[in-house]
Every structure is written in structure tokens, then in C-alpha cells.
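>>> Sharing a sequence plus its predicted fold:
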Amino acid sequence: MTPEGANCYLICMARIKSKAQRRKFAQLLVEGKIDRDAFERWNRGAGSRDLPEHVKRKKKTKRKGRRKAKRRAKRHG
């Protein structure tokens, strides 16, 4: 990840959400790809909470078939 890419990633995030992210940002800090202030800001955003090891993306729910079922019920109901 380039320094520009790392900074863009930090701008888009609200806070560190998992232990894995905290480790990754600490690694970027050691490599000099992000500055200490950015790391502290995002780490502080997580607070002193016990973070999960990993965070999974939320699954998108499918809404297929709902409208058709309503229409069918009106016609044949």
C-alpha cells in the first residue's frame, strides 16, 4: 500500500474496528507509510473497548419476489 493509499484509507474510515486493523495500522506506522498523529487519531476513535479479532462485512439481503407476491395476491386474492 502506498503512503497516499494508506492515507486515503484512513480518511474513509471512522475508527479502527478490529484487532487485525489495529495491527495493520501499527505495521504501517512502523514502515513510515502513515504518521503517528493519524494512527493515534484512529486508534483513539476505537476507545478502550475490547475489539473483535476480525470484522466481517454485512451480507446484503435479497428482496426478490416480494413485489410480485403482493401483486399476485391482489389479482387472485
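Cool, the structure landed. Since we're looking at a predicted model, the values are computed, not measured.

>>> Now for N43, how many residues are close by?
16 (other Cβ atoms under 10 Å). For the C-beta atoms, the positions are set from N, CA and C on the backbone; glycine is no exception.

>>> so it makes contact with K17?
No: counting by Cβ atoms under 8 Å, N43 stays clear of K17, with 11.4 Å between them.

>>> Can you spell out which helices and strands pack onto the longest helix along the chain?
Assignment by DSSP state H gives helix 19-31 as the longest helix of the chain. Secondary-structure packing of helix 19-31 (3 or more Cβ pairs under 8 Å, 6 or more residues apart in numbering; DSSP states H and E): helix 36-46.

>>> try 6 Å this time
Packed against helix 19-31, as judged by 3 or more Cβ pairs under 6 Å, 6 or more residues apart in numbering; DSSP states H and E, are no other helices or strands.

>>> Show me what counts as buried in it.
Q21, R22, F25, L28, L29 (16 or more other Cβ atoms under 10 Å).

>>> Make JSON lines out of those residues and add pLDDT and distance to P52.
Formatted as JSON lines, the buried residues of helix 19-31 follow (pLDDT from 0 to 100; distance: Cβ to Cβ, whole Å):
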{"residue": "Q21", "pLDDT": "88", "distance to P52": "10"}
{"residue": "R22", "pLDDT": "87", "distance to P52": "11"}
{"residue": "F25", "pLDDT": "89", "distance to P52": "16"}
{"residue": "L28", "pLDDT": "92", "distance to P52": "20"}
{"residue": "L29", "pLDDT": "93", "distance to P52": "21"}
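
>>> between those residues, which is closest to L51?
R22 (6.9 Å; Cβ to Cβ).
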